[in-house]
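Peer 1: how does the following fold in three dimensions:
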Amino acid sequence: MIKRLFKRSLPILALSAVPMALAAIPAQAAPVPASSVHFYSSCADIRQHLVKAPDGDYLLYNNGILFTAYCAGMYSKTPREYIDLAKTGNGVNFSQYTAGGASIGTSVRTSFTKLRIDPASLTVDIGDLTFARSTGSLKHSNSGITVKSMPYGVAMSCVGPQNTSGAGNIDLLNTPFQVTSAFTVGGSNAKGSATVLQNKQLVNLAGGGYCGWIAPSHSPQLYNPFNPQPGMYDLTLGCAAGVPTAPGQVCFRVDDAKGLSERGGHGNTVDVLYHGKPVAVVNRSDQI
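Peer 2: Predicted coordinates:
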């Protein structure tokens with residue numbers, strides 16, 4: 001029965017880069033409508049129904065959006081949702097507090113491979129460093145505070161008035177997501193810029209002052225955004241239409257939930273359809 005299979009089959013095997021543009025897969029069985037299947041809204045929801053589900057990529061449906069999320073901590077009481085970043089390494093998906101001026105030491109750079117999100121709003125917790133690595137260390141101005149890490153989407157420096165030597169990069173290329181947040185400067189004698197490119201999937205940040213920064217817009221405004229802690233939900237994302245994605249990644253708004261259905265696929269798989277077009281292929285079993 002398809003309902004039972006879908007409730008046991010969340011790990012994603014393959015997803016379309018442009019879901020709505022694909023031709024339909026030859027039918028293996030009559031599609032079963034969404035009203036007869038269960039779509040999970042969060043990693044906690046998955047764990048509640050599948051207590052042995054491992055960490056990995058899953059298909060979630062929340063607030064009218066069908067998207068891929070990486071579930072971490074599935075053996076804990078509080079599993080968490082992340083999105084995978086396709087571009088990682090030197091010069092991409094990093095935030096930097098550039099040393100110099102009143103802040104002595106070596107530039108602090110935090111680089112990310114996954115971003116924690118709120119599945120109900122696709123808002124990024126920029127302070128979650130679970131899948132991040134930091135290098136460098138400096139003393140912040142005359143405060144005596146040692147800076148060792150930075151939140152996502154922030155560029156900062158304390159070199160001088162109107163200085164923008166702080167750097168940062170947001171690169172969502174080859175993912176199905178785009179940035180919908182604005183950015184704002186903060187601090188003393190602050191100046192900054194956010195250059196948004198390529199369908200809002202690429203943002204280059206420059207910021208600073210004495211001391212100053214640029215960061216995602218937030219109310220109340222972030223202050224001295226360094227050495228972050230989880231809970232800083234400040235960067236909002238949306239689905240990027242018509243962009244190439246890495247295998248296993250999808251995000252699109254479902255205007256009519258009745259258009260979702262599923263059917264038996266090839267071998268140990270289930271096809272997820274939207275208005276008869278394939279958008280995902282999931283495994284029938286609990287295991288990846």
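Peer 1: SS state for the residue of the chain most remote from its centre?
Peer 2: Residue distances from the centre of the chain (CA atoms, centre = their mean) peak at Asn142, which lies 34.9 Å from the mean C-alpha position. Using DSSP: H, G, I helix; E, B strand; the rest coil, the structure places Asn142 in coil.
Peer 1: hang on, isn't Gln178 packed against Ile170?
Peer 2: No - Gln178 lies out of contact with Ile170 (CB atoms under 8 Å); the separation is 9.9 Å. In this view, the C-beta of every residue, glycine as well, is placed from N, C-alpha and C.
Peer 1: helix/strand/coil for the nearest residue to Asn90 once chain neighbours are set aside?
Peer 2: Nearest residue to Asn90, sequence neighbours excluded (CB to CB, 6 or more residues apart in numbering): Ser111, at 7.9 Å. Secondary structure for Ser111, judged by three-state DSSP, is strand.
Peer 1: list the beta-bridge partners for Ser111.
Peer 2: Counting by DSSP bridges, Ser111 is bridged to Phe94, Arg133.
Peer 1: tally of neighbours for it?
Peer 2: Ser111: 22 surrounding residues under other CB atoms under 10 Å.
Peer 1: that one and Val185, how far apart?
Peer 2: 23 Å (CB to CB, to the nearest Å).
Peer 1: and if you look at Arg80?
Peer 2: In terms of CB to CB, Arg80 sits 30 Å off from Val185.
Peer 1: of those two, who's got more company?
Peer 2: Set Arg80 next to Val185 and count neighbours by other CB under 10 Å: Arg80 wins out with 23 against 20.
Peer 1: where do the domain boundaries of the protein fall?
Peer 2: 2-84+245-283, 94-236 (automatic domain parsing).
Peer 1: rank those by pLDDT, which is bottom?
Peer 2: Of all those, the minimum mean pLDDT falls on domain 2-84+245-283 (a mean of 74).
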